[in-house]
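Asker: Got a predicted model here, sequence first, then my questions.
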Amino acid sequence: MIDLNVPNVARMYDCFLGGKDNYEADRAAAAEALRLNPDAARCPRENRAFLGRAVRFVAHSGVRQFLDVGTGFPSMGNVHEVAQSVHGDARTVYVDYDPVVVQHGRALLATDERTVMVEEDLRKPGRILEQAADLLDFGRPVCVLLVACLHFVTATEDPYRVVKRLMRSTAPGSYLVISHVIKTPQTIAAAAAYRGASAPVVLRTEEQVGRIFTAAGVELVEPGLVRVPSWRPDLDHALAEEDAARADFLGGVGRKA
């Protein structure tokens with residue numbers, strides 16, 4: 001049973017992206033986050049742009065398989081769309097634990113046999129891998145995406161264990177894409193809006209986020225772990241740096257040797 005009076009983090013994210021898959025409680029919580037941090041909506045938009053650039057980079061590196069965990073609602077520039085623009089035969093498995101998100105995703109993907117939506121919790125990596133193996137060949141490189149979702153995994157739930165388990169099952173030449181909200185005075189203020197939501201935000205430092213890549217056994221590709229607008233920007237570098245100063249999201253891509 002879905003309680004529409006409880007703000008949902010996926011639907012709040014959808015609000016920030018200008019989507020329509022949200023309810024009054026989600027819009028109220030998103031508005032409160034914006035009141036506490038006027039740049040709160042900038043982060044999801046910049047994060048979404050980072051996702052597209054990262055997927056294009058990995059696809060151009062030769063990878064044709066993508067596992068997007070904690071995907072959230074379908075939006076513009078979905079992983080499978082970006083990947084298939086590079087490789088028409090690219091395969092994508094989306095994973096989310098929210099049944100409403102999964103329902104929307106399955107409706108969108110009903111005619112695409114190379115893309116599926118799985119209902120599972122990112123805290124259960126073994127079950128994710130088992131279901132993803134129906135479409136993906138883990139004997140070949142896979143790109144694992146954990147974009148804007150690990151900051152909903154608590155220290156007790158151990159994000160390092162989750163990522164290590166996922167990457168341990170991938171072949172050499174696989175990639176790991178992560179973005180994570182960073183701990184700043186602005187995000188500390190905005191996190192208050194998530195306290196009554198379906199999952200509270202766990203703020204981490206740059207060092208803590210970096211250790212996730214280390215635990216996964218991957219090496220960061222250039223430019224390393226940076227604010228998401230600064231990761232291989234499409235626009236002028238000076239403009240990207242200006243945006244980066246206001247986007248409290250770190251992003252990075254690691255490769256498994």
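Answerer: Thanks, I have it.

Asker: Contacts only, for the residue nearest to the spatial centre of the chain.
Answerer: Residue closest to the average C-alpha location in the chain (CA atoms, centre = their mean): Val147, at 1.5 Å. Counting by CB atoms under 8 Å, 6 or more residues apart in numbering, Val147 touches 47, 50-51, 68, 70, 177-179. Where you see a C-beta, it was placed from the backbone N, CA and C, and this is true even at glycine.

Asker: change it to 7 Å
Answerer: Each residue near Val147 by CB atoms under 7 Å, 6 or more residues apart in numbering is listed here: 47, 51, 177, 179.

Asker: Same question for Ala171.
Answerer: 138-141.

Asker: Could you do Ala257 as well?
Answerer: By CB under 7 Å, 6+ apart, the residues touching Ala257 are 172, 219.

Asker: For the stretch 51-200 of the chain, which segments count as helices?
Answerer: 79-86, 99-108, 125-132, 159-168, 185-190 (DSSP state H, counting those that start in this stretch).

Asker: Tell me how confident the model is about the third one, as a mean pLDDT.
Answerer: If I follow you right, that is helix 125-132. In this model, helix 125-132 has a mean pLDDT of 97.

Asker: Show me what it is packed up against.
Answerer: Packing contacts for helix 125-132, counted by 3 or more CB pairs under 7 Å, 6 or more residues apart in numbering; DSSP states H and E, involve helix 159-168.

Asker: Let me know the closest of the contacts of Ala171 to Leu166.
Answerer: Phe138 (10.3 Å; CB to CB).

Asker: And the residue lying closest to the closest one once chain neighbours are set aside, how far from Ala216?
Answerer: Leaving out its chain neighbours, the residue that sits closest to Phe138 by CB to CB, 6 or more residues apart in numbering is Ser169, at 5.5 Å. As judged by CB to CB, to the nearest Å, Ser169 and Ala216 stand 11 Å apart.

Asker: before we move on, the earlier item: which of the contacts of Ala171 are buried?
Answerer: Buried members of the contacts of Ala171, counted by 16 or more other CB atoms under 10 Å: Pro141.

Asker: With respect to Gly210, which of the contacts of Ala171 is nearest?
Answerer: Pro141 (22.8 Å).

Asker: moving C-terminal of the least confident helix or strand in the chain by mean pLDDT, what's the next helix or strand?
Answerer: Ranked by mean pLDDT, DSSP states H and E, the helix or strand of the chain with the weakest confidence is helix 237-244, at a mean of 60. Using DSSP states H and E, the helix or strand that follows helix 237-244 in sequence is strand 249-255.
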